[in-house]
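[1] Below is the sequence, then the predicted model.
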Amino acid sequence: MVDNFRVDITGAAELANRLRRFDAEMYKVLQKELKLAGEIVAQDARGRVPDEGLSGWGSWLSTRTSGSSGQRGSVKLVQATATRSLSFNSSAIKSGIKSKVSSRTRQGNKTSLNVTVGQSNPAGVVYELAGTLTPDSVFNTNLIGKRGGGRVSRTLSAALYSKGNAAGNAIEAAVQAAMDRVNTSD
C-alpha cells in the first residue's frame, strides 16, 4: 500500500512456471504457503486496529461519481442510500486486512511472485491513510495525534516494520521448500 517490502529470491519465478506447468498441486501448496507468510503481517496489522474510531467519526456513506473534470472514481459523501459505508466498524476493518498472492506474467511466463497485504474495507482505507496527504485538517490532526500515522499508513506500515523480517523468512522458506521438493522429484 504505502510502503514496499521486497524479498528477491533468484529462481522463484522460474520455479513458479515449472510448478504451474508440471505439478499444479505443488504450485497450489507454494501459493498457500506464500499467503500464510503474508498473513504474519496481516495478523499484526489487525491487532493494531482500535475498537473504536475517533469521536465524531460519523455514519458516513459514499457513492462513486464522475468528477466534473471527467475523472472516474471520485468519492462524494452523501447522507442517503449509497454504495459504501465509511462508518468505523472495528471488526469489518480488521476483516478487510488481507494477504494475497499474485504474479506478473509476460508472454505466458511468470516474471515475479508477489505477496501483498492490503486493506479492502472502505472505512479501513480511510482510517489507514487519512492525513497522509493533508495532515493539517482538524479530522486528520486528531486522528494522527491519537492514532499515529501521518506520512505512512497506520496499521500496515507498523505491522510491516514489526513482522516484515519474519514474513520475509517465511517466504524464503516456502520457496526453498518448494525448490527442494521439485529437486527431489526429478
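    Everything's here; your move. Residues are numbered from 1 along each chain as shown.
[2] Which helix or which strand is home to the residue positioned nearest the centre of the chain?
    The centroid of the chain falls nearest to Gly118 when counting by C-alpha atoms, centre = their mean (1.3 Å). In this structure, Gly118 is located in strand 109-119 according to DSSP states H and E.
[3] so for that strand, what's the average pLDDT?
    When pLDDT is averaged over strand 109-119, the result is 82.
[4] After it, which helix or strand is next?
    Scanning the chain past strand 109-119 towards its C-terminal end, the next helix or strand to appear is helix 122-129 (assignment: DSSP H and E).
[5] which ones are touching the residue nearest to the centre of the chain?
    By C-beta atoms under 8 Å, 6 or more residues apart in numbering, the residues touching Gly118 are Met1, Ile97, Lys98, Lys100, Leu156. No exception for glycine: its C-beta is placed from N, CA and C like everyone else's.
[6] where exactly do the helices run in this structure?
    The residue ranges that make up the helices of the chain, judged by DSSP state H, are 12-22, 24-47, 90-95, 122-129, 138-147, 156-185.
[7] Between helix 122-129 and the last one, find me the angle.
    Computed by axes from the mean of the first three to the mean of the last three C-alpha atoms, to 10 degrees, the angle separating helix 156-185 from helix 122-129 equals 100 degrees.
[8] what packs against helix 156-185?
    Under the contact definition 3 or more C-beta pairs under 8 Å, 6 or more residues apart in numbering; DSSP states H and E, helix 156-185 sits against helix 12-22, helix 24-47, strand 109-119.
[9] mind giving me TSV with these and columns for distance to Arg84?
    Supplementary listing: the helices and strands packed on helix 156-185 in TSV, determined by distance: least, C-beta to C-beta, whole Å:
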stretch	distance to Arg84
helix 12-22	35
helix 24-47	21
strand 109-119	13
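[10] Show me the one of these that comes nearest Ala178.
    With C-beta to C-beta as the criterion, Ala178 lies closest to helix 24-47 of the helices and strands packed on helix 156-185, at 4.5 Å.
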